[in-house]
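K.L.:
Give the three-dimensional model of this entry:
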Amino acid sequence: RQSAIFARLEALVIESAARARQQGKATVALADVQGYIADSGCRVFIGDLWQRCLVDTRPDGEMHALYRQQAMAEELDIHNILLQQQRSKETERVGSDPRPSRENIKGSGAWVEVPDTIIGLHRPAIYKPGQVDDRIEFDILKQRWAEWPLRVVFEWDRKTGRFRNGASSSVTRAGDGNEI
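P.N.:
Predicted coordinates for the structure are as follows:
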């Protein structure tokens, strides 16, 4: 039942974004998203491919939309989680660290400036053939009101998607060596 609700929500968001583009409006799609969130009664909104809601994808438009999304969360008393991809060319360079970084987030600098918290996920086994794929690292790349950087390493079960036995690992800020 939940997957059907999410599929319908995704279809409505894509449909409203297309309608907004046709009408030349940047705010219709985000207003529609706010309505869908409010109608759902959810406490947490997870937006993947969120940029499809945007008509104005220029850096200023993207920043305005991210601030608007934050305001929606406050108005609706929910938590926002927006998913964003890393630039793949940066992680493919020979000898480069494939872990997520603030510098490699796709899109404008607003994706680093606006959010209160940025978390990057890393599965070491993807980049080391033959390694057992049983752990995942959560790198805290930004926390507006708390300590960062921070890495939390979890045991991970691929079959169930469950995380267990999280343990923090020390990292240093950029410029201090061995940074995230």
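K.L.:
which residues of the chain fall in helices?
P.N.:
Across the chain, reading from the start of the chain, the helices by DSSP state H fall at 2-23, 27-40, 59-76, 88-92, 110-113, 124-127.
K.L.:
What is whichever strand in the chain runs longest packed up against?
P.N.:
Scanning the chain for the strand with the most residues, using DSSP state E, yields strand 135-143. In this structure, strand 135-143 makes packing contacts with strand 117-122, helix 124-127, strand 150-156, judged by 3 or more CB pairs under 8 Å, 6 or more residues apart in numbering; DSSP states H and E. Where you see a C-beta, it was placed from the backbone N, CA and C, and this is true even at glycine.
K.L.:
Between the ones you listed, which one is closest to N165.
P.N.:
When these are compared by CB to CB, strand 150-156 sits nearest N165, at 4.9 Å.
K.L.:
Pull up the pairing partners for the closest one, direction included.
P.N.:
Its sheet considered, strand 150-156 pairs with strand 135-143 (antiparallel), strand 163-169 (antiparallel) by DSSP bridges.
K.L.:
Pull the first one out as PDB, backbone CA atoms only.
P.N.:
The reference is to strand 135-143. Provided in PDB are the C-alpha atoms of strand 135-143 (Å, rounded to 0.1, in the frame of the first residue of the first chain):
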ATOM      1  CA  ARG A 135      29.300  -2.200   5.900                       C
ATOM      2  CA  ILE A 136      28.200   1.300   5.100                       C
ATOM      3  CA  GLU A 137      29.600   4.600   6.200                       C
ATOM      4  CA  PHE A 138      27.600   7.700   7.000                       C
ATOM      5  CA  ASP A 139      29.800  10.800   6.700                       C
ATOM      6  CA  ILE A 140      28.400  13.800   8.400                       C
ATOM      7  CA  LEU A 141      29.600  16.500   6.000                       C
ATOM      8  CA  LYS A 142      27.800  19.400   7.700                       C
ATOM      9  CA  GLN A 143      25.800  20.000  10.800                       C
END
